[in-house]
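K.L.:
no sequence on this one, just coordinates:
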């Protein structure tokens, strides 16, 4: 039996432009042509939940509402899929109960006659004997893995390309492969556990390991059971009996659910008005009452024969852990990045200012007298040229935030603390899989905000253009403080900001990172990165040059929140200027910066063989090398390195001029001050780095970082 395939869904750019410009027939054909793709993705990700139809219809509604703002018609498919993924995340928030397995169910139990979304597909593929195992394994994936699974299966069937998936997830094509590989490893882990549990006789050790388990597929129990199954010969043999890829590949096809198909048929039938969200879609499409829907809706009837294609992943060695794709739209709906929200007539819109306060109310109008309560509300209504003023105090959001409205070069959008006030966003209550803030918008300025205690990354800017972060403080988050990622990350600035004590149980949380993307004109200046569990500043797999100036990285890779004497799992580099497998060759530039007391290297290429340039920098007292550039033909000028494990380890091709290691007589006695407390203290009143004599020298002020003039 051959694997079922889906014809690629290729949007005609001319059709997209026509639909965007108001051609109703083109819009009808565009949406109905893509409905099978959207239905597949949503159905797989929600595992056949009754909400599938609603999410599909809401996705199409948002596409109709937002199409006029799509800047790049050729990106329609990935744009539409991104809307679907955001709606999936939103719906998942309302049903966060882990899947439960009846742990006393034996291997020969009869299938449930109430066949669900997965059941039907497996039955039609004549894999009924493995139905429960496959169904339960997919349900053991977390929401993010299920979304990746849905997208990947569409790639296997020809409905999406790898580039489409990367665009939807906001990461590079290479990193998309890593994400898919990780998801497949997680699915294989669940299949092995379930196969071992179903085995007859069941392993006594596995039974013992499951004592106290209530059958819910939470991560703690999955890891515990997998440790046993992985190391137990009896369970390993049982696990090999799980359906292999050949069997899973035969999972069949399923028609679009009857409720949605019926609604579409009614929409096409003429005088009978469709109900609910579908009616709203077609009203927007035709700009007429639903009862008078014209031939534009007739094209929708064609989708009633569409199919839903279900996944069949294969086991694979687990990859190195990478950041999860995450945060979705908040409860208050937000349009996709290319789609400005509907204009508002509130007083705040008229004045160009929107106010946010801890004691505010989202039912207010956003004026100074009646401020909003949540950041999600404020960013959902802001328009180009407006300013969101955040009053001082502590905000405790319960949902993640998505910033999707673009400013313009002439009308930037500003998100700023009120003058003289200090707003703090404590993201402790945000769902544990979500980034707190995800931004996919251009021409913003973010000023004076503090974010702490996010469950993963605090703030992620995906494909952002001309965004300025200034005077922000992102700390004590369970992920990276600020990450800019994705292709098209261009012209951004991170200025006079602090990123510290970000840690994820000792693994990969950085202070500030540009990762998994590309884009020119990005600058970091006047920033500090300290006590982060991994690197202070990280450029892993960012393929375009980034300029770093007058920034300091210290005490990274050390457990300063518990025991300052202990190193942790993270790399602990001050400035990591590369990374990847293989690492891209990129000519990053670092000037006037300093790295001290890091558990790893002070400055390192991390296998980046590009023409890096480092001048007027200082590396002091790092546990590994001060400057570690083993492969690159980097240029080094007027740098200072003292009291490191080794001061400088450079490739033969490196170009060196007037560095401390090129001269004799440089010792720690030439330093004016070796105590870092003044450098690690409060910033100056203007937000600049503190003026300090730390690491300045009495021998040649032209060598090393200019600490007093930073």
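P.N.:
Structure received. Please read all numbers here as calculations on a predicted model, not as lab measurements.

K.L.:
Low-confidence regions, the protein specifically.
P.N.:
Residues of the chain meeting the criterion pLDDT under 70: 1-11, 44, 47-50, 92-136, 153-160, 214-220, 236-351, 505-507, 559-569, 709-710.

K.L.:
Residue 625 touches residue 648, doesn't it?
P.N.:
Yes - using Cβ atoms under 8 Å, residue 625 is in contact with residue 648, at 6.9 Å. Where C-beta positions appear, they are placed from N, C-alpha and C, glycine not excepted.

K.L.:
got any residues that touch both of those two?
P.N.:
In terms of Cβ atoms under 8 Å, 6 or more residues apart in numbering, residue 625 and residue 648 are not both contacted by any residue.

K.L.:
How far does stretch 378-398 stretch from one end to the other?
P.N.:
Taking Cα to Cα, to the nearest Å, the first and last residues of stretch 378-398 lie 15 Å apart.

K.L.:
Any buried residues in it, and which?
P.N.:
By 16 or more other Cβ atoms under 10 Å, the buried positions in stretch 378-398 come out as 378-383, 386-391, 395, 397.

K.L.:
could the residues you listed be laid out in a markdown table, adding secondary structure and distance to residue 407?
P.N.:
As requested, those are exported to a markdown table (DSSP: H, G, I helix; E, B strand; the rest coil; distance: Cβ to Cβ, whole Å):
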| residue | secondary structure | distance to residue 407 |
| --- | --- | --- |
| 378 | helix | 14 |
| 379 | helix | 12 |
| 380 | helix | 15 |
| 381 | helix | 14 |
| 382 | coil | 9 |
| 383 | coil | 9 |
| 386 | coil | 9 |
| 387 | strand | 11 |
| 388 | strand | 12 |
| 389 | strand | 16 |
| 390 | strand | 17 |
| 391 | coil | 22 |
| 395 | strand | 23 |
| 397 | coil | 23 |
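
K.L.:
and which of those is nearest to residue 211?
P.N.:
Lowest distance from residue 211 to the buried residues of stretch 378-398 (Cβ to Cβ) belongs to residue 397, with 38.2 Å.

K.L.:
Check the gap between the closest one and residue 434 for me.
P.N.:
10 Å (Cβ to Cβ, to the nearest Å).

K.L.:
Check residue 73 too.
P.N.:
Between residue 73 and residue 434 the computed distance is 31 Å (Cβ to Cβ).

K.L.:
What are the buried residues along the longest helix seen in the chain?
P.N.:
Secondary structure of the chain per DSSP state H: the longest helix is helix 173-198. Neighbour counts over helix 173-198 (16+ other Cβ under 10 Å) mark 174-198 as buried.

K.L.:
what's the domain layout of the chain?
P.N.:
Per the record, the chain has its domains at 13-254, 343-456, 482-670, by automatic domain parsing.

K.L.:
what's the closest non-adjacent residue to residue 587?
P.N.:
Nearest residue to residue 587, sequence neighbours excluded (Cβ to Cβ, 6 or more residues apart in numbering): residue 611, at 4.3 Å.

K.L.:
what sits against the one you found?
P.N.:
Contacts for residue 611 (Cβ under 8 Å, 6+ apart) come out as 585, 587, 632, 633, 634, 635.

K.L.:
could I get those residues as JSON lines with neighbour count?
P.N.:
Formatted as JSON lines, the contacts of residue 611 follow (neighbours: other Cβ atoms under 10 Å):
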{"residue": "585", "neighbour count": "17"}
{"residue": "587", "neighbour count": "17"}
{"residue": "632", "neighbour count": "24"}
{"residue": "633", "neighbour count": "17"}
{"residue": "634", "neighbour count": "26"}
{"residue": "635", "neighbour count": "16"}
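
K.L.:
Looking at those, which is nearest residue 602?
P.N.:
Nearest to residue 602 out of the contacts of residue 611 is residue 634 (Cβ to Cβ; 13.9 Å).

K.L.:
Quick check: the closest residue in space to residue 408 that isn't next to it in sequence vs residue 442, distance?
P.N.:
Excluding its sequence neighbours, the residue lying closest to residue 408 (Cβ to Cβ, 6+ apart) is residue 384, at 5.2 Å. Distance, residue 384 to residue 442, using Cβ to Cβ: 10 Å.

K.L.:
any residues in contact with both of these two?
P.N.:
Common contacts of residue 384 and residue 442 (Cβ under 8 Å, 6+ apart): 406, 407.

K.L.:
Is residue 530 bridged to anything, and to what?
P.N.:
Judged by DSSP bridges, the bridge partners of residue 530 are residue 500, residue 554.

K.L.:
That one: how many residues sit nearby?
P.N.:
26 (other Cβ atoms under 10 Å).

K.L.:
That one contacts residue 536, correct?
P.N.:
Yes - between residue 530 and residue 536 there is a contact at 6.6 Å, judged by Cβ under 8 Å.

K.L.:
Need the overlap of contacts for these two.
P.N.:
Residues touching both residue 530 and residue 536 (Cβ under 8 Å, 6+ apart) are 511, 553, 554, 556.

K.L.:
want to try TSV for those residues, with distance to residue 361 and neighbour count as columns?
P.N.:
Listed next are these as TSV, based on distance: Cβ to Cβ, whole Å; neighbours: other Cβ atoms under 10 Å:
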residue	distance to residue 361	neighbour count
511	35	30
553	42	31
554	43	24
556	41	34
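
K.L.:
Pick out the most distant pair among those.
P.N.:
Put simply, by Cβ to Cβ the two of the shared contacts of residue 530 and residue 536 set farthest apart are 511 and 554, 10.3 Å from each other.

K.L.:
any common contacting residues for those two?
P.N.:
In terms of Cβ under 8 Å, 6+ apart, residue 511 and residue 554 are both contacted by the residues 529, 530, 536.

K.L.:
Quick one: the residues you listed as JSON lines, columns for distance to residue 666 too.
P.N.:
Putting the shared contacts of residue 511 and residue 554 into JSON lines (distance: Cβ to Cβ, whole Å) gives the following:
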{"residue": "529", "distance to residue 666": "26"}
{"residue": "530", "distance to residue 666": "25"}
{"residue": "536", "distance to residue 666": "24"}
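
K.L.:
What is the nearest of the contacts of residue 611 to residue 484?
P.N.:
Using Cβ to Cβ, these come closest to residue 484 at residue 587, 18.3 Å.

K.L.:
Now the terminal residues of stretch 394-402, how far apart.
P.N.:
Distance between the boundary residues of stretch 394-402 (Cα to Cα) amounts to 20 Å.

K.L.:
before we move on, the earlier item: so the residue nearest to residue 408 is in which element?
P.N.:
Using DSSP states H and E, residue 384 sits in no helix or strand.

K.L.:
Make sure it is actually in contact with residue 414.
P.N.:
No - under the criterion of Cβ under 8 Å, residue 384 is not in contact with residue 414, lying 10.8 Å apart.

K.L.:
any idea how far stretch 649-666 is from the chain center?
P.N.:
Centroid separation between stretch 649-666 and its chain, computed with Cα atoms, centre = their mean, to the nearest Å, is 40 Å.

K.L.:
i'd like the first residue to be 182 from this point on
P.N.:
That works, and once the first residue is 182, the last one we named lands at stretch 830-847.

K.L.:
mind checking the SS state of residue 596?
P.N.:
Following DSSP: H, G, I helix; E, B strand; the rest coil, the label given to residue 596 is strand.

K.L.:
Let me see the contact set for it.
P.N.:
The neighbours of residue 596, taking Cβ under 8 Å, 6+ apart as the test, are 559, 560, 568, 569, 571, 625, 626, 627, 628, 630.

K.L.:
Take these and lay them out in CSV including distance to residue 665.
P.N.:
Shown next, in CSV, are the contacts of residue 596 (distance: Cβ to Cβ, whole Å):
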residue, distance to residue 665
559, 22
560, 18
568, 22
569, 20
571, 21
625, 12
626, 15
627, 12
628, 17
630, 16
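
K.L.:
wait, which of the shared contacts of residue 711 and residue 717 is closest to residue 850?
P.N.:
Nearest member of these to residue 850, counting by Cβ to Cβ, is residue 735, at 21.3 Å.

K.L.:
Understood, closing this out.
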